[in-house]
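Colleague: Got a predicted model here, sequence first, then my questions.
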There are 2 protein chains.
Amino acid sequence: MLSAEIIAIGSELLAADRTDTNSLWLTEQLNRMGIDVKLKTVVGDDDARLEEVVKDAVKRSRVVITTGGLGPTEDDITRKVVARALKRRLSLNESVLAEIRERFKSFGMNMPERNSRQAMVIDGSEVLPNPNGSAPGLYLEHEGCAVALFPGPPREMKPMFENHVQSRLEKLAGDIRFARRVLRVAGMGESAVDEKIAPIYTKYENPQTTILFNSSEIEVHLRAHGRTEADAEALLDDLSLKIEKELGNAVFSFRGEKMEEVVGRRLAITGFTLSVAESCTGGLIAERLTNVPGSSKYFVEGLVTYSNESKTRLLGVDKKLIREFGAVSQQVARDMARGVRHRAKTDFGLAVTGIAGPDGGTEEKPVGLVFIALADGAHTEHKRFVLPGDRELIRWRASQAALDMLRRRLI
Amino acid sequence: MLSAEIIAIGSELLAADRTDTNSLWLTEQLNRMGIDVKLKTVVGDDDARLEEVVKDAVKRSRVVITTGGLGPTEDDITRKVVARALKRRLSLNESVLAEIRERFKSFGMNMPERNSRQAMVIDGSEVLPNPNGSAPGLYLEHEGCAVALFPGPPREMKPMFENHVQSRLEKLAGDIRFARRVLRVAGMGESAVDEKIAPIYTKYENPQTTILFNSSEIEVHLRAHGRTEADAEALLDDLSLKIEKELGNAVFSFRGEKMEEVVGRRLAITGFTLSVAESCTGGLIAERLTNVPGSSKYFVEGLVTYSNESKTRLLGVDKKLIREFGAVSQQVARDMARGVRHRAKTDFGLAVTGIAGPDGGTEEKPVGLVFIALADGAHTEHKRFVLPGDRELIRWRASQAALDMLRRRLI
């Protein structure tokens, strides 16, 4: 099995509140192709230390990946120091320079002079294009070691890895293939999930199973290896089918899709339309739904009715209901769902009202109390929750529960 | 200023879902006493690699801290390998052995034979007692470098650091204290910021300045040291004032506050109210604003008008304008802002319309084209942007630009 090491570069990564998350993603990608990450380093903008780390790394590991330090400023030392560590020249590449200039031009700007630094290329290396930023990456093979330099921002690094480096490393890695799958579960607790499925997954050494608790979602991670990807996938198919049989509808996603993607796909397939009225979630449900490309086909409108007056004027919620039961009540949630559906003329109306905290809770109506209602032409259903967590987590969990309610209705 | 490095030891720390959190806590402790963390390494149970890392570390840093690998099993290689790297003998310490035996006895157990390994002590080192576990720590000074070996579990490591190592390191560090500050900047590019302020901050070695580019925000991190915390803060005050003078209003936050917190505070102080109409941002602006506790004081409502019909019905946008100029146009943005303000009876109306992609762009109206409008009782202003990035980033940047427009108006 090939050994790899990952070097994250940048003084800011050494702060007490920063972790290097790029290395986690890269580890996952490398493990999947059967490459073992043996060492990870975080080093500041520090020429001498970085040079030593790179020299050691290329001697002892077959794959070395760096992230960060490819920006246009003085602090961005990666190109320069890696070239020095490998005793290779660094020279200006005119065509890369032209591309960077072009990129700035397309945004109606002139390239600042310092960005020309990003067109410096290590001798013998290949330039990895960066459609999502100005810093191109570099790839080279040096005395039996594959070296890839990536920019630090994940949205630039990830596609660059997938499009330009992954297949080369796969060739180097040879004949063992890994596959993973993430089942996502909603509406059940972590121990309830484990109690149900532990008797199944503990029988298997391959796939390997890990249960992760993440905000309000439970994720079941399966990892299998085989001689081909198809072999590994077949092992995953077998186990995930058994798990699904046990957990039923609570499993909402098999390939790591997000809840809003699953709901969106069902709406798109069925042709139903949706409108949303939100109080305590403050636009989060609309935001999640509309973050899915193509959502304009089924998402018609979302109303964030934060004040009582908005609830009445925009949704037609009966003022008497608010007076009698309070804005956070099943009655108001149901009226909101019916109101938004009726006015937006959609097939479904989904509504949430609750107390996200930290203030506003009472003994009778504590922080975390949330009512969710879903209306279609024939009925309106509702559910009551008391959700744990801080403001942000309560909002997220409420949005998840609301989307899950719609998902279950659409099954 | 003393330099430190932290080495986390254990193959399990190299998994794709594990981060080394001990190093964050240690970094905070070290920074507070004026010791600079220059490098962090995560290394598996791998003799050769660990030996190399330790050898390099004691040569280049004045403080080296390791966590993990002090357990009783074959995998626990820290004592053995550090001794080898420092060319010191490892020998059994009878009194440590007796204590470990005693500890097991107090739980009514006999010490398993392999735990005697934990009584091996590096020559010249001092044993750090561990009341919370069986693995004692070690502390030694080696050719001018302070080396501390801690167990991995935080509840064992932290008290050991605080009770036995902190005061020694404070003595080494002398009279130096640190402070940091984060300035956040909106509405300028990374290189533009650097070009403006590099002539200022490069004159200073203390404070040290790092520029970070993070989604659409630029962060300027300043870190200073002085004999007291007040001295360090005074240095930060001085430099951050100069930077602010150069960047002006583009600096929106001096203590790391988020844009929505800054805008929210200004609204709360001034007593103005706000309503928001969103198209391409799909609720993100409302979501960000309402994530701030107490936002119900100034945020009245948010309308996510995804369809043209919603724009007309909910905001009173003139159908003819949509037909003539398209939903993504300055005319429609302005009508949306005026419409939401008028109907919600708020002081300000903020509106966004644009093309977040990946589909829906044309030559004339490309993906990333966004119009933002802000209306108060007297005027309506608008701005046109072409934002780079994928759907998620375009939406985030549009939300940031919209909030920034409101922030500048509120100054």
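Modeller: Perfect, thanks for sending it.

Colleague: who in the stretch 201-350 of chain A is up against chain B?
Modeller: Residues of the stretch 201-350 of chain A lying close to chain B (Cβ under 8 Å from any Cβ of the partner chain) are A:210, A:212, A:221, A:276, A:278, A:281-287, A:289-291, A:293-296, A:299-307, A:309-310, A:313-314, A:343-344. In this view, the C-beta of every residue, glycine as well, is placed from N, C-alpha and C.

Colleague: Can you turn the buried part of the residues you listed into a ChimeraX selection?
Modeller: Written as a ChimeraX command, the selection of buried residues from those, which uses 16 or more other Cβ atoms under 10 Å in any protein chain shown, is:
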select /A:221,276,278,281,282,283,284,285,286,287,289,290,291,295,296,299,300,301,302,303,304,305,306,307,310,314,343,344
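
Colleague: among the residues of the stretch 201-350 of chain A next to chain B, which are in strands?
Modeller: Counted as lying in strands by DSSP state E, out of these, are A:210, A:212, A:221, A:276, A:278, A:299-305.

Colleague: center of chain A, which residue is that?
Modeller: Centre of chain A computed as the mean C-alpha position; nearest residue by Cα atoms, centre = their mean is residue A:258, 8.6 Å away.

Colleague: show me the contacts for it.
Modeller: By Cβ atoms under 8 Å, 6 or more residues apart in numbering or on different chains, residue A:258 lies in contact with residue A:288.

Colleague: related to what we said a few turns ago, export the ones in strands among the residues of the stretch 201-350 of chain A next to chain B to JSON lines and tack on distance to residue A:25 and pLDDT?
Modeller: Listed next are these as JSON lines, based on distance: Cβ to Cβ, whole Å; pLDDT from 0 to 100:
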{"residue": "A:210", "distance to residue A:25": "16", "pLDDT": "77"}
{"residue": "A:212", "distance to residue A:25": "15", "pLDDT": "73"}
{"residue": "A:221", "distance to residue A:25": "14", "pLDDT": "84"}
{"residue": "A:276", "distance to residue A:25": "32", "pLDDT": "98"}
{"residue": "A:278", "distance to residue A:25": "32", "pLDDT": "98"}
{"residue": "A:299", "distance to residue A:25": "30", "pLDDT": "97"}
{"residue": "A:300", "distance to residue A:25": "36", "pLDDT": "96"}
{"residue": "A:301", "distance to residue A:25": "36", "pLDDT": "96"}
{"residue": "A:302", "distance to residue A:25": "31", "pLDDT": "97"}
{"residue": "A:303", "distance to residue A:25": "37", "pLDDT": "97"}
{"residue": "A:304", "distance to residue A:25": "33", "pLDDT": "97"}
{"residue": "A:305", "distance to residue A:25": "39", "pLDDT": "96"}
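
Colleague: Widest-spaced pair of those residues?
Modeller: A:210 and A:305 (41.1 Å; Cβ to Cβ).

Colleague: And for the residue nearest to residue A:196 when sequence neighbours are not counted, the neighbour number?
Modeller: Of all residues not flanking residue A:196 in the chain, residue A:246 sits nearest, at 5.0 Å (Cβ to Cβ, 6 or more residues apart in numbering or on different chains). By the criterion of other Cβ atoms under 10 Å in any protein chain shown, residue A:246 has 14 neighbours.

Colleague: and what of the one 10 residues further on?
Modeller: Neighbour count of residue A:256, defined by other Cβ under 10 Å: 13.

Colleague: how far away is it from chain B?
Modeller: According to Cβ to the nearest Cβ, to the nearest Å, residue A:256 stands 13 Å off from chain B.

Colleague: Go ahead and confirm that residue touches residue A:217.
Modeller: No. Assessed by Cβ atoms under 8 Å, residue A:256 is found out of contact with residue A:217, at 10.8 Å.

Colleague: and residue A:263, what is it in contact with?
Modeller: Shown in contact with residue A:263 (Cβ under 8 Å, 6+ apart): A:289, A:403, A:406-407, A:410.

Colleague: For those, pick the one with the most neighbours.
Modeller: residue A:289 (28 neighbours).

Colleague: Which secondary structure state does the residue nearest to residue A:196 sit in?
Modeller: Here residue A:246 is recorded as helix under DSSP: H, G, I helix; E, B strand; the rest coil.

Colleague: which ones are touching it?
Modeller: With contacts defined as Cβ under 8 Å, 6+ apart, the neighbours of residue A:246 are A:196-197, A:200.

Colleague: Quick one: which of those is the most crowded by neighbours?
Modeller: Ranked by neighbour count (other Cβ under 10 Å), those have residue A:197 at the top, with 22 neighbours.

Colleague: could you list every residue that touches that residue?
Modeller: So residue A:197 contacts A:209, A:220, A:243, A:246-247 (Cβ under 8 Å, 6+ apart).

Colleague: again, but for residue A:327
Modeller: Per Cβ under 8 Å, 6+ apart, neighbours of residue A:327: A:279, A:308, A:311, A:353.

Colleague: Kindly report the same for residue A:173.
Modeller: With Cβ under 8 Å, 6+ apart, residue A:173 has these contacts: A:1-2, A:33-35.

Colleague: got it, and residue A:85?
Modeller: By Cβ under 8 Å, 6+ apart, the contact list for residue A:85 reads A:50-51, A:54-55, A:58.

Colleague: Let me know the closest of the contacts of residue A:246 to residue A:97.
Modeller: Set against residue A:97, the nearest of the contacts of residue A:246 by Cβ to Cβ is residue A:197 (55.2 Å).

Colleague: Keeping just the C-alphas, turn the helix or strand where residue A:138 lies into CSV.
Modeller: Secondary structure assignment for residue A:138, by DSSP states H and E: strand A:137-142. Provided in CSV are the C-alpha atoms of strand A:137-142 (Å, rounded to 0.1, in the frame of the first residue of the first chain):
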residue,chain,number,x,y,z
GLY,A,137,-1.9,24.0,-8.8
LEU,A,138,1.2,22.0,-9.7
TYR,A,139,1.9,18.3,-10.1
LEU,A,140,5.3,16.6,-10.6
GLU,A,141,7.1,13.4,-10.0
HIS,A,142,10.3,13.7,-8.1
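
Colleague: What strands line up against that strand, and which way round?
Modeller: Applying DSSP bridges to the sheet, strand A:137-142 is found paired with strand A:126-128 (antiparallel), strand A:145-150 (antiparallel).

Colleague: and among those strands, the most buried is which?
Modeller: For those, ranked by mean neighbour count under the definition mean count of other Cβ atoms under 10 Å in any protein chain shown, the leader is strand A:145-150 at a mean of 24.

Colleague: Mind checking the pLDDT average for that strand?
Modeller: The pLDDT scores in strand A:145-150 average 97.

Colleague: which other residues reach the host helix or strand of residue A:49?
Modeller: In this assignment (DSSP H and E), residue A:49 forms part of helix A:47-60. For helix A:47-60, the surrounding residues in contact (Cβ under 8 Å, 6+ apart) are A:3, A:5, A:7, A:9, A:38-39, A:41, A:43, A:64, A:66, A:69, A:77-78, A:80-82, A:84-86, A:142-143, A:145, A:147, B:38-39, B:48-49, B:52, B:56, B:60.

Colleague: Just the buried residues of those.
Modeller: Using 16+ other Cβ under 10 Å as the burial test, the contacts of helix A:47-60 include A:3, A:5, A:7, A:9, A:38-39, A:41, A:43, A:64, A:66, A:69, A:77-78, A:80-82, A:84-86, A:142, A:145, A:147, B:38-39, B:49, B:52, B:56, B:60 as buried.
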